[in-house]
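> Quick one, structure for this:
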Amino acid sequence: MTLPPPSGAMPPPGCPAHRDYTPLRLYGPEFAADPDTAYEGLRQYGDLAPVEIAPGVSAMLITDYRTALELLQDPATWSHDSRPWQDTIPADSPIRPMLAWRPNVLFADGAAHDRYRSVITDSFRRLESHEVRSLVHHAADTLIRDFGATGRADLISQYARVLPMLLFNRLFGLADADSSRLIDALAGMLEGNTPEEAARGNEAFENYVIDLVTAKKRERGLDLASWFIDHPADLTTEEVVHQIVLTLGAALEPTTNLIGNALARMLSDDRYYTTLTGGALTARDAINEVLWHDPPMSNYGAHWARRDVFFHGTWIRAGQLVLVSYAAANSAVPRDSQAGGTGAGSHLAWSAGPHACPVQNHALLVATTAIERLTAWLSDLELAVPYDRLEWRPGAFHRALATLPARFTPLVPDPSGATPWNTSAPSSSTRPGTTSEPRPTASAAAAPPHS
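You can find the predicted model right below:
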């Protein structure tokens, strides 16, 4: 990992001195293995530093907490519209799916942003917490049935990655059987080894959503897709498709990372568990620590300057990309200001300002319930490798484990007591997640999931 020499304030646009700034790469395995060292090096430049987020694609990265807040809360200076910028990057760049403009809430400003955001917040508000929790229980039990008798599992590929897909597939109004198509499409988009593979995955993902919207336009249901279509904001079909594409994308990858990173923390720290039924801290504490120190989306918050601006010692050109490092900004806050380090304060993992995550409570509910359900059934769960040998997926934007190998005492289906094999499925005739199901009992797991 090579860092250019520090030099104080960046020179104004057009100055030849710009040639001296060699951006730090954020997309290689070296960065993924040790991002904190990279952030410390980037702070040599002050509050902003030059980075490369993909081959041939550079940006300025904010590493300071107060500077990040200032940008996130200043829509007069900074825009979310990427159209003037996106044509300046390679057409096959792997970061295009994350930053190319679409008619959705993420890339809109002002009244358009407020209109799109109201669709999402109003629709999610119709979901009852107990219904979402029940759906998470059903998804968790479905997955645990697949590996519970083996005594070993990769908690990323077999649990944390698949559970949000099962959940949101159902919340948007499709049956569990349809989730395999969503899983395959997203795997191709997120894990594509070539630009072509990533592009095929992105196309498959969008086609999945188009087919979903087409089906819901024929027959509505008590689901998010139908509520998006019928919302008073009166979205066009194209706008509905892109709100769903964004909502799924923003829900699935970050939720996977939040669950995985929190499980890794819990299983490697005795403050949480000597066994999964003991320990001073809870799943929610682990999630809060992750939101402070390993946020699922570590670098994002894409903004483009509306005009040339001298911002915290750095000249930013009109249309130049500026990203927020939520991870670096959080780590710049003193530990004693982080509510004892357990994250009860104002971390930036949800972003801030007009574009802050609109469904934070739902995300916390899903992640907490998924971890509690898993650790209730598998009360002696432990890492199969030391924490410092875990591998992290390369990528500029996320903090994501590649795998999370774990072992546990195998479960045996027991008709005389509650097990993941005899919990009931949610009813398809009611709202998403409405169901009555048995909880793990003392005979099946040492501690039941929290309600």
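
> Closest to the centroid, which residue in the protein?
residue 254 (1.1 Å; C-alpha atoms, centre = their mean).

> How about that one, nearest residue that isn't a chain neighbour?
residue 296 (4.0 Å; C-beta to C-beta, 6 or more residues apart in numbering). C-betas here are computed from N, CA, C, even on glycine.

> Residue 262 is in contact with the one you found, correct?
No - Residue 296 lies out of contact with residue 262 (C-beta atoms under 8 Å); the separation is 9.6 Å.

> What confidence value was assigned to residue 8?
Confidence at residue 8, expressed as pLDDT, is 42.

> whoops, residue 199 was the one
Confidence score, pLDDT, at residue 199: 76.

> which phi and psi does residue 135 have?
phi -60, psi -40 (degrees, to the nearest 10).

> can you give me the helices for the stretch 301-450 of the chain?
326-331, 360-377 (DSSP state H, counting those that start in this stretch).

> Figure out which of the ones you listed is closest to residue 156.
Nearest to residue 156, of all these, is helix 360-377, at 12.4 Å by C-beta to C-beta.

> how many neighbours does residue 52 have?
17 (other C-beta atoms under 10 Å).

> Which elements pack onto the host helix or strand of it?
Per DSSP states H and E: residue 52 is located in strand 48-54. Contacts defined by 3 or more C-beta pairs under 8 Å, 6 or more residues apart in numbering; DSSP states H and E place strand 48-54 against strand 24-25, strand 57-62, strand 321-325.

> any residues touching it, and which ones?
Contacts of strand 48-54 with the rest of the structure, by C-beta atoms under 8 Å, 6 or more residues apart in numbering, involve 4, 10, 21-27, 42-43, 58-63, 67, 89, 93-95, 299, 311-314, 316, 322-323, 396-397.

> contacting residues for the residue nearest to residue 143 when sequence neighbours are not counted?
Excluding its sequence neighbours, the residue lying closest to residue 143 (C-beta to C-beta, 6+ apart) is residue 159, at 5.4 Å. Under the criterion of C-beta under 8 Å, 6+ apart, the contact partners of residue 159 comprise 140, 143, 144, 153, 259, 370, 374.

> Select only the buried ones of these in ChimeraX?
To isolate in ChimeraX the members of the contacts of residue 159 that are buried, counting by 16 or more other C-beta atoms under 10 Å, one can use:
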select :140,143,144,153,259,370,374
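
> From the contacts of residue 159, which land in helices?
Taking DSSP state H, the ones among these that sit in helices are 140, 143, 144, 259, 370, 374.

> Those: which two are farthest apart?
Checking these with C-beta to C-beta, the most distant pair is 144 and 259, at 13.7 Å.

> list the residues that contact both of residue 296 and residue 262?
With C-beta under 8 Å, 6+ apart as the test, residue 296 and residue 262 both reach residue 290.

> Nearest spatial neighbour of residue 176, chain-adjacent residues omitted?
residue 166 (6.2 Å).

> right, and the one you found touches residue 137 too?
No - if you go by C-beta under 8 Å, residue 166 and residue 137 don't touch, sitting 11.3 Å apart.

> coming back round to it: okay, and the residue nearest to residue 176 sits in which element?
Going by DSSP H and E, residue 166 is in helix 162-171.

> contacts for that helix?
127, 132, 135-136, 139-140, 142-143, 175-176, 178-179, 182-183, 186, 223-224, 248, 251-252, 255-256, 259, 366, 370, 426, 432-433.

> buried subset of those?
Here the buried ones among these, as counted with 16+ other C-beta under 10 Å, turn out to be 127, 132, 135-136, 139-140, 142-143, 178-179, 182-183, 186, 223-224, 248, 251-252, 255-256, 259, 366, 370, 426, 432-433.

> do you know how far residue 382 is from residue 292?
Counting by C-beta to C-beta, to the nearest Å, the separation of residue 382 from residue 292 is 24 Å.

> For the two, work out which one has more neighbours and name it.
In this view residue 382 and residue 292 are compared by other C-beta under 10 Å, and residue 292 has more residues nearby, 24 against 13.

> I figured residue 307 was touching residue 317, is that so?
No - using C-beta under 8 Å, residue 307 is not in contact with residue 317; the gap is 9.1 Å.

> Which of those two has more residues huddled nearby?
The neighbour comparison of residue 307 against residue 317 (other C-beta under 10 Å) goes to residue 317, with 16 against 9.

> Give the residue spans of the stretch 1-150 of the chain that score low on pLDDT.
1-21 (pLDDT under 70).

> Which stretches in it count as helices?
29-33, 35-42, 65-72, 83-86, 96-99, 110-125, 129-147.
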